[in-house]
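Asks: got a predicted structure plus its sequence, pasted below:
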Amino acid sequence: MTAAQHLVLTRQIEGETRATLTLMRGVDDAEILHIETHAEHRRQGLAQGLIAEAIAWARRNQRQAIWLEVRASNAAAIALYGKTGFVQISTRQCYYSDGENALVMKYTL
Ligand SMILES: CC(C)(COP(=O)(O)OP(=O)(O)OC[C@H]1O[C@@H](n2cnc3c(N)ncnc32)[C@H](O)[C@@H]1OP(=O)(O)O)[C@@H](O)C(=O)NCCC(=O)NCCS
């Protein structure tokens, strides 16, 4: 995987990077590899804004879907993805090295 396959979206405020989203651009689909908001700046809509930007990019670039995996215990992220239109497609058992399951979620364009 090369850097060219990644799109990194950020929210910079007052010279500080407050939120980051890394999208892998596949041929037909895209995948959110990472999203994080600085702990002091959560619940201000920053991650939601980055996801909207990723969806707009995918639409402009004729991708058919955006995929992601999230820890089953990550209630904040699951709520974020649900609010932005992702739906759970399946579960990957023991996906993480500590044995936790992953939820596979998809946004269909
Ligand atoms: C998950 C994360 C990226 C959310 O970032 P954020 O900028 O705080 O999210 P937003 O402010 O855009 O939240 C949008 C919506 O997501 C949901 N949400 C976000 N954080 C939530 C929380 N802690 N509890 C419940 N719902 C939450 C809410 O519906 C929220 O809308 P609302 O504030 O109007 O209720 C952030 O908590 C984070 O960086 N977590 C650590 C890294 C991580 O787990 N990344 C995901 C890995 S898959």
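Replies: Everything's here; your move. Numbers count the residues shown, from 1 in each chain.
Asks: wait, does stretch 67-78 contact the ligand?
Replies: Yes. Against the ligand, stretch 67-78 shows contacts by C-beta under 6 Å from any ligand atom at 70, 74-77. Yep, even glycine has a C-beta here, placed from its N, CA and C like the rest.
Asks: show me how to select, in PyMOL, the buried members of those.
Replies: The following PyMOL line selects those of these that are buried, judged by 16 or more other C-beta atoms under 10 Å:
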select buried, resi 70+77
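Asks: next one: the residue of the chain most remote from its centre from the ligand, what distance?
Replies: Distance from the C-alpha centroid of the chain peaks at Glu14, with 23.9 Å (C-alpha atoms, centre = their mean). Distance, Glu14 to the ligand, by C-beta to the nearest ligand atom, to the nearest Å: 16 Å.
Asks: read off the pLDDT value for that residue.
Replies: As summarised for this prediction, Glu14 has a pLDDT of 92.
Asks: gap between the closest residue to Asn101 other than its chain neighbours and the ligand?
Replies: Leaving aside its sequence neighbours, Asn101 sits nearest to Ala72 (C-beta to C-beta, 6 or more residues apart in numbering; 4.4 Å). Taking C-beta to the nearest ligand atom as the measure, Ala72 falls 11 Å from the ligand.
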